[in-house]
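Student: here are the coordinates; sequence isn't available:
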């Protein structure tokens, strides 16, 4: 089985775990990892919007290889997979159990959390490329400057430690950053969990849709591959995947939309919270329902957000022609 993945340290670690689980579940299968250097990996300065958002930057080339029959499957971080567009011929064949979905604060050497708290971030610059994290950071730390900051997880921490400037799209620089907001799971996957100075609760900073879930995508009609991938599928994570991504579909969010969504399953019940926010508005909705009907729950939450005015916030963040 040929599995495609990006060349980043985190992606390779995630794909190696998939290969390990497949080999354990189906010992007769030979797993080959095929690496891709996507446009989102080669351009470490530009905004993802320039490349068609996360879908164009991180998954488009690998998806094309699946559809061309060059790969059996591909590993994606679920949060990098566009949820507001259909990809005919492809399906998520497996999701691994969810890693911690929360976001974390990473501080530059010499800066303590007490320093940060005492000043409430006044004068400090927080680096992030995620519009959702930037929007939450401005709500939590209005005295802070939030700056555009890109790169693989280990690259971002290295730039933070070395006080490097971040090149901006179209020229110029910004920085250096005093702190970063990153996914806890991503930091842990690249061996940098010890750098977490503070972990935000979902109430403080609602995670991105699908954050912490590793997805394996394959051709919808490739039933032999789908049967194999089903051996490593985590049903609870897959339910969350379906519910949270349905919110993106209903909202028709684009890559620059600050949309968050996080679900939990307890027994036969699922609870889903989603939000849409920018500098001028914040809308949130929470609902519970049968865990075995995740898309219905996601649709209900998405429609409630639209009823509260989410479309106007999304429109304000949509790039203008």
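Tutor: Nice, thanks for sending it over. Since this is a predicted model, take the numbers as computed values, not measurements.
Student: part of a helix, is residue 198?
Tutor: No. Residue 198: not assigned to a helix; according to DSSP: H, G, I helix; E, B strand; the rest coil it is strand.
Student: any stretches of this structure with poor pLDDT?
Tutor: 38-58, 84-86, 120-121, 254-256, 319-321 (pLDDT under 70).
Student: hmm, try it at 80
Tutor: Counting by pLDDT under 80, the chain has low-confidence residues at 38-58, 83-87, 119-122, 169-170, 253-257, 279-280, 317-321.
Student: can you pull out the helices in it?
Tutor: Secondary structure of the chain by DSSP state H: the helices cover 9-25, 39-42, 53-54, 60-67, 113-119, 131-140, 153-161, 184-189, 223-229, 235-251, 294-307, 310-317.
Student: of those helices, which approaches residue 197 most closely?
Tutor: Taking C-beta to C-beta, helix 113-119 is the member of the helices of the chain nearest to residue 197, at 4.9 Å. To be clear about C-beta, it is placed using only N, CA and C from the backbone, and glycine gets the same treatment.
Student: re earlier: can I get the helices of the chain in a markdown table with distance to residue 287 and mean neighbour count?
Tutor: Putting the helices of the chain into a markdown table (distance: least, C-beta to C-beta, whole Å; neighbours: other C-beta atoms under 10 Å) gives the following:
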| stretch | distance to residue 287 | mean neighbour count |
| --- | --- | --- |
| helix 9-25 | 31 | 18 |
| helix 39-42 | 33 | 18 |
| helix 53-54 | 26 | 22 |
| helix 60-67 | 31 | 18 |
| helix 113-119 | 34 | 12 |
| helix 131-140 | 20 | 21 |
| helix 153-161 | 33 | 19 |
| helix 184-189 | 25 | 22 |
| helix 223-229 | 30 | 17 |
| helix 235-251 | 10 | 23 |
| helix 294-307 | 5 | 20 |
| helix 310-317 | 15 | 18 |
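Student: number of nearby residues for residue 71?
Tutor: 24 (other C-beta atoms under 10 Å).
Student: is it true that it touches residue 35?
Tutor: No. Counting by C-beta atoms under 8 Å, residue 71 does not reach residue 35; the two are 11.2 Å apart.
Student: and for the two, which residues touch both?
Tutor: Residues touching both residue 71 and residue 35 (C-beta atoms under 8 Å, 6 or more residues apart in numbering): residue 4.
Student: about what we covered before: so which of the helices of the chain comes closest to residue 273?
Tutor: The nearest among the helices of the chain, by C-beta to C-beta, is helix 294-307 at 7.7 Å.
Student: ok, and what's touching that closest one?
Tutor: The contact list for helix 294-307, computed with C-beta under 8 Å, 6+ apart, reads 239-240, 242-251, 261, 263, 270, 272-276, 283-290.
Student: dump the residue contacts of the closest residue to residue 248 other than its chain neighbours.
Tutor: Of all residues not flanking residue 248 in the chain, residue 83 sits nearest, at 3.0 Å (C-beta to C-beta, 6 or more residues apart in numbering). With contact taken as C-beta under 8 Å, 6+ apart, residue 83 is in contact with 209, 210, 244, 245, 246, 247, 248, 249, 253.
Student: state the distance from residue 83 to residue 251.
Tutor: Going from residue 83 to residue 251 by C-beta to C-beta, to the nearest Å gives 9 Å.
Student: now residue 73
Tutor: Distance, residue 73 to residue 251, by C-beta to C-beta: 28 Å.
Student: try residue 78
Tutor: Distance of residue 78 to residue 251, given as C-beta to C-beta: 17 Å.
Student: what does residue 238 give?
Tutor: Shown here: residue 238 relative to residue 251, a distance of 21 Å by C-beta to C-beta.
Student: just residue 107 next, same as before
Tutor: Going from residue 107 to residue 251 by C-beta to C-beta gives 33 Å.
Student: swap in residue 292?
Tutor: For residue 292, the distance to residue 251 - C-beta to C-beta - is 23 Å.
Student: likewise residue 195?
Tutor: 33 Å.
Student: quickly list what residue 198 is bridged to.
Tutor: Beta bridges link residue 198 to residue 105 when assigned by DSSP bridges.
Student: which residues touch it?
Tutor: 104, 105, 113.
Student: quick one: residue 308 and residue 285 touch, right?
Tutor: Yes. With contacts counted by C-beta under 8 Å, residue 308 reaches residue 285, the gap being 6.9 Å.
Student: quick one: which of these two has more around it?
Tutor: Between residue 308 and residue 285, residue 285 has the larger neighbour count (other C-beta under 10 Å), namely 21 against 15.
Student: name all residues that make contact with the more buried one.
Tutor: 273, 274, 275, 301, 304, 305, 308.
Student: out of those residues, the closest to residue 5 would be?
Tutor: Closest approach between those and residue 5, by C-beta to C-beta: residue 274, at 28.5 Å.
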